[in-house]
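Trainee: Have a look; sequence and predicted model below, questions after that.
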Amino acid sequence: MRILLSLLFALTSCLVCATETGHAQWNSAMDAFEAADRANPPPQAAVLFIGSSSIEHWKSVAEDFPEVKTINRGFGGSELGDSTYFADRIVAPYHPRAIVMYAGDNDLQDGHRPEQVRDDFAAFVRKARSVDPGVPIAFIAIKPSMARKVLLPKIRQANDLVRSYAATQKEVAFLDVFTPMLGADGQPQPKWFVEDGLHMNRTGYELWIGIIKPWVDAHAR
């Protein structure tokens, strides 16, 4: 029995270490966010934009939503689970009035199933609301990028699953940027992207703004 308990403890410890190691690559980004907060304390009751590189690269968020206070805490290459794991550092301190999330792109690229994308978003919602019950949260649909055309069936499925989940939750929204980014042939269009075919140009962000702004305006005042 003692040997069995020792083995179970060792296995549990290994799983915890593996989880921590999987997120450790973002520690420097979290440290940088916290240093920025100390130097320039962010506003309370702002709209928090969080997620992967499509948020990180969105340097004009404050100018694009001038009627509301905003905080950008995107960190490129991250997955949904990373935002949940670090929520105590990049969500809880701000007590946001509303949260806009973009993630899932990298999750699918890294082999996660569409169902896991939905479940990981649901986990983020639970984590955020454990601190701020009822905080409105919007999920920006996973975009159809040129660089990841091969993932299009999985992107469609993940988006459909998240949309269905959001419909069952109070104040959780699915913002469909996926459909208008497709061409008449149902395929990704290069006009929204910079040269790498993955990250968006200003035209792409302007499309997003038109879709996101009504939701932000409705929940941030």
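Mentor: Looks like it came in fine. Here the structure is a predicted model, which means the values were calculated and not measured. Numbers count the residues shown, from 1 in each chain.

Trainee: What ranges does the chain have for its strands?
Mentor: 47-51, 70-74, 98-102, 137-140, 172-175 (DSSP state E).

Trainee: can you redo these as JSON lines with mean pLDDT?
Mentor: Shown next, in JSON lines, are the strands of the chain (pLDDT from 0 to 100):
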{"stretch": "strand 47-51", "mean pLDDT": "98"}
{"stretch": "strand 70-74", "mean pLDDT": "97"}
{"stretch": "strand 98-102", "mean pLDDT": "98"}
{"stretch": "strand 137-140", "mean pLDDT": "98"}
{"stretch": "strand 172-175", "mean pLDDT": "98"}
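
Trainee: Quick one: closest of those to residue 119.
Mentor: Closest approach to residue 119 among the strands of the chain (C-beta to C-beta): strand 137-140, 12.9 Å. To be clear about C-beta, it is placed using only N, CA and C from the backbone, and glycine gets the same treatment.

Trainee: got the contact list for that closest one?
Mentor: 51, 54, 98-102, 121, 124-125, 128, 162, 166, 171-175, 177, 208, 212, 215-216, 219 (C-beta atoms under 8 Å, 6 or more residues apart in numbering).

Trainee: Return a selection command, for use in ChimeraX, containing the buried ones of the residues you listed.
Mentor: In ChimeraX syntax, the buried subset of these is picked out as below (16 or more other C-beta atoms under 10 Å):
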select :51,54,98,99,100,101,102,121,124,125,128,162,166,172,173,174,175,177,208,212,215,216,219
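
Trainee: give me the low-pLDDT residue ranges for the chain?
Mentor: 1-21, 221 (pLDDT under 70).

Trainee: Please identify which of the strands of the chain is closest to residue 59.
Mentor: strand 70-74 (7.8 Å).

Trainee: name the helices or strands packed onto the closest one?
Mentor: strand 47-51, helix 53-56, helix 61-64 (3 or more C-beta pairs under 8 Å, 6 or more residues apart in numbering; DSSP states H and E).

Trainee: Just send the strands of the chain back as a markdown table, with distance to residue 152 too.
Mentor: Formatted as a markdown table, the strands of the chain follow (distance: least, C-beta to C-beta, whole Å):
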| stretch | distance to residue 152 |
| --- | --- |
| strand 47-51 | 20 |
| strand 70-74 | 23 |
| strand 98-102 | 17 |
| strand 137-140 | 17 |
| strand 172-175 | 18 |
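
Trainee: what's the closest of these to residue 151?
Mentor: Comparing the strands of the chain by C-beta to C-beta, strand 98-102 comes nearest, at 15.5 Å.

Trainee: and that closest one, which strands flank it?
Mentor: strand 47-51 (parallel), strand 137-140 (parallel) (DSSP bridges).

Trainee: Would you convert the helices and strands packed on strand 70-74 into TSV that also reports distance to residue 150?
Mentor: Output for the helices and strands packed on strand 70-74, formatted as TSV (distance: least, C-beta to C-beta, whole Å):
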stretch	distance to residue 150
strand 47-51	22
helix 53-56	19
helix 61-64	30
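
Trainee: wait, what's in contact with residue 202?
Mentor: No contacts exist for residue 202 under C-beta under 8 Å, 6+ apart.

Trainee: quick revisit: just the helices and strands packed on strand 70-74: most buried one?
Mentor: With neighbours defined as mean count of other C-beta atoms under 10 Å, these peak in mean count at strand 47-51, which reaches a mean of 27.

Trainee: Need the contact partners of that one.
Mentor: 55, 58, 61, 65, 68-74, 78, 83, 90-91, 94, 96-103, 140, 216, 219-220.
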